[in-house]
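>>> structure of the sequence below:
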Amino acid sequence: MAPSRPAAIVAGAFLAVAAAAAIWLALDRRPPEWDYANHLERGVLCARDLAHGELREVLLRSAFYPPLVPCLGGLAASLAPSDTAAGVAVVVAFLGLGMAATYRLGRRVAGSQGGIVAAVVFGTAPFTVWQALRFQLDVPLAAMVALALEALAGTGNCTRPGRAMLAGLVFGLGLLTKPPFVVYVLPPLALVLARARGRRALPGVLGFAAVGALIAVPWYGPRLLGLAAQIGARSFRQAAEQGHPEPLSVAGLVFYPQHLAVQLGAVGAALFVVGLAVCAARRAWWPLMALVPMVVFLAIQNKQLRYTLPLVPAAAAVAGAGFAALPPRARVAAGVALGAAALVQIGAATFGEPPAARLTVAGVPLAIAEPPQRAAWPHRDVLAAVVREAAGREATLSVVPNHPYFSSANFRYYAVLDRLPVRVVRVWDEAPLGVDFMVLKTGDVGPEFTASRPRRIAERLQHDAHLAAVFPVVARFALPDGSTATLRARRIPRVRARPATVAKAVEAALERALAAVARDVAGLDVVLRYDAGIAEGRLRRVEIQAAAATVGDLRRGRTPLRVREVRVVLEDVVVNPLSALAERRLDPLDIGRLRLERATISAPDLVEFVQGQKAFRRARLVLEDGRVTLDLPQRGPDVHARVRIEPAPDRPFRLLSEGVTLGGVAVPGPLVDWVVRHYDPSRAIAARAAFDVAIGPVRVAPDAIRIGAP
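Reported below is the predicted structural model:
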């Protein structure tokens, strides 16, 4: 076959997908959903950071998702008229890169014809096409995995230093695409390193490691200890909340085999089965080793086709081997069938033609469909109403539903994109604390595992006249799914009661509310400082002090903390005066600042509290003059540190650590924060609180920690 012919066929398949995606984008008017919106938001922020030379902000922006793909999307959006189209264009470009790399993988296994089949199987698979319509990280991740496999195969088992350094470059960029990259590449990498013997391979191994580390460490270093916990939570805890089957149950084990045709296409799946036997018989271990990570995804509880998409290039190479092993006439028939299937799969995934519902066998789907929707969702209209009602003030909007096209993620994205003075937050819990506006939705409010809270809030607004009066409806919007969105703004009516009467009711409500966060209270004293504004629920200052109390989130069974000589001051407090007067019920609406002015925590009480936290159950703490010594046995290397508590301008306090060791090895000074930041609660307190939080000066002594001590 002429060298130009394989390239033309692969390019033709890619252009077919790219053209379908372009038409789909021109027709579809839905907002980006969930992670799609989050990645677009990060892309916008990354482009702005880079424009101002804020590289540090780029590296610190996200806790779990690396910046490579979002930043490319943001940069593309700054050059294109449509941010969504620019983001998808980046994903489609990655698809082209992945198809080229998959062609080379298939060619290594089964020659040019096998390479063509591999590239077409990967690029036109139903799920691949469907994912290419979204600014997600999974198609780019699959492309980087394919590129890494090809780069590793070209190192000659690390005997070619230049190729090994190139593979290190790809490895580092793959890690900056998504953290699970290493899972997909590790078995082939282990095979290469196992074969890299002798002095001849040493420069290649060192070059690979150095280049990969140089690229990946600046982002991964500060997050290395925390990533394992996040990946574990996504793999099991969040999967259980979403109702995924148990990891090793029958339903869990058959999930991916049932969807093989969706991930490879019907013809591709058949060729893959043939190719498995061919590769095993020929001992073609390279593509088979690249499929070993499937064991990991069968074992974890979270089952999503996105997670196995990066395995498709290797599986497509195996399918190419199956194709090449067929007799000549069978290859002709299989080639025609693959071409026809590719067109059907592209049409079904992008336009729903033919409908995916018709493409099933015994209830097993052979395709996936996402036809474009022409109706627009009114996010920008809602945000414009918020800006108008806020009359120039910065406002906080709580988005109550978690519908894929009507959630905090896409509202926050549009607010950031349009540079609006609107802070978008998720659904509130017990009280709308710090919320200026809230938007609700009738009908479908999102997945069942998140729907209970939006429904509970809608029901409460329906039956709680006092809350509804404080948050009246200021606008309504018809939504494309036939439901209605309502925008509510905080408008506190002025009660007709004497200020002293309102203050007495608020004080009684506050003392009742303290039962949810404090028990065994001794010597409680509550003082309210107010003026005529209390008729609208506004208090200048609330002072709470007690001789002793056990404090914590008592309703949720969290480990509480015993404190003594405690004094807390809250400034610029807003409460609902209606519920306080009528029911002696405290509904806090806003707090300007909370300051812990004084408290004493004894050493035994501190140890009991710390060891009650899941991550610190085995921790050993010793209080000394001016510092706390911490020994933390854990999975992986144990941590030892001496910690000082200092004031900080951007959070309640900061921890300054010295003498930090990880697994008995001293951590260099510049890297100490990489270790300690995962155990420092001050950042989380500042990020989660709806108001400013501060504490008085801290003094550590062998018997206790004293806050506000002279």
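>>> would you mind listing where the protein has pLDDT under the threshold?
1-4, 81, 225-243, 356-359, 362-363, 709-710 (pLDDT under 70).
>>> what residues go with each domain of it?
The chain breaks down by automatic domain parsing into domains covering 4-30+80-217+247-365, 379-489, 499-707.
>>> can you tell me the distance between the two ends of the shortest one?
By that I understand domain 379-489. 16 Å (CA to CA, to the nearest Å).
>>> just to revisit the earlier point, pick the most buried one from the domains of the chain.
Of all the domains of the chain, domain 4-30+80-217+247-365 has the most neighbours on average by mean count of other CB atoms under 10 Å, namely a mean of 21. The way it works is simple: take the backbone N, C-alpha and C, and place the C-beta from them, glycine included.
>>> distance of the residue nearest to residue 633 when sequence neighbours are not counted from residue 630?
Nearest non-adjacent residue to residue 633, counting by CB to CB, 6 or more residues apart in numbering: residue 618, 4.7 Å away. Counting by CB to CB, to the nearest Å, the separation of residue 618 from residue 630 is 11 Å.
>>> for the residue nearest to residue 633, give me phi and psi.
phi -100, psi 10 (degrees, to the nearest 10).
>>> need the domains of the chain in a markdown table with distance to residue 59, can you?
Formatted as a markdown table, the domains of the chain follow (distance: least, CB to CB, whole Å):
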| stretch | distance to residue 59 |
| --- | --- |
| domain 4-30+80-217+247-365 | 10 |
| domain 379-489 | 19 |
| domain 499-707 | 12 |
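>>> and those domains: which comes nearest residue 42?
Of all the domains of the chain, it is domain 379-489 that lies closest to residue 42, at 9.3 Å by CB to CB.
>>> starting at the chain centroid, how far to that closest one?
21 Å (CA atoms, centre = their mean, to the nearest Å).
>>> same check on stretch 598-606?
36 Å.
>>> got a list of contacts for it?
545, 561-567, 609, 621, 623, 696, 702-708 (CB atoms under 8 Å, 6 or more residues apart in numbering).
>>> just the C-alphas of it, formatted as CSV.
Extracted in CSV, the C-alpha atoms of stretch 598-606 (Å, rounded to 0.1, in the frame of the first residue of the first chain):
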residue,chain,number,x,y,z
ARG,A,598,-10.6,33.7,73.7
ALA,A,599,-10.5,29.9,74.3
THR,A,600,-8.5,27.4,76.2
ILE,A,601,-8.1,23.8,75.0
SER,A,602,-6.3,21.4,77.3
ALA,A,603,-3.8,19.0,75.9
PRO,A,604,-5.9,15.8,76.6
ASP,A,605,-9.0,17.5,75.0
LEU,A,606,-7.0,18.4,71.9
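>>> what about residue 491, how many neighbours?
12 (other CB atoms under 10 Å).
>>> residue ranges for the strands of the stretch 301-450 of the chain, please.
360-361, 364-365, 395-399, 422-425, 437-441 (DSSP state E, counting those that start in this stretch).
>>> mind listing what the fourth one pairs with, with the direction of each?
Spelled out, that is strand 422-425. Strand 422-425 has the following sheet partners, assigned by DSSP bridges: strand 395-399 (parallel).
>>> now do the partner strand against strand 437-441, angle only.
20 degrees (axes from the mean of the first three to the mean of the last three CA atoms, to 10 degrees).
>>> before we move on, the earlier item: which of the domains of the chain sits closest to residue 45?
Among the domains of the chain, domain 379-489 comes nearest to residue 45, with 6.6 Å by CB to CB.
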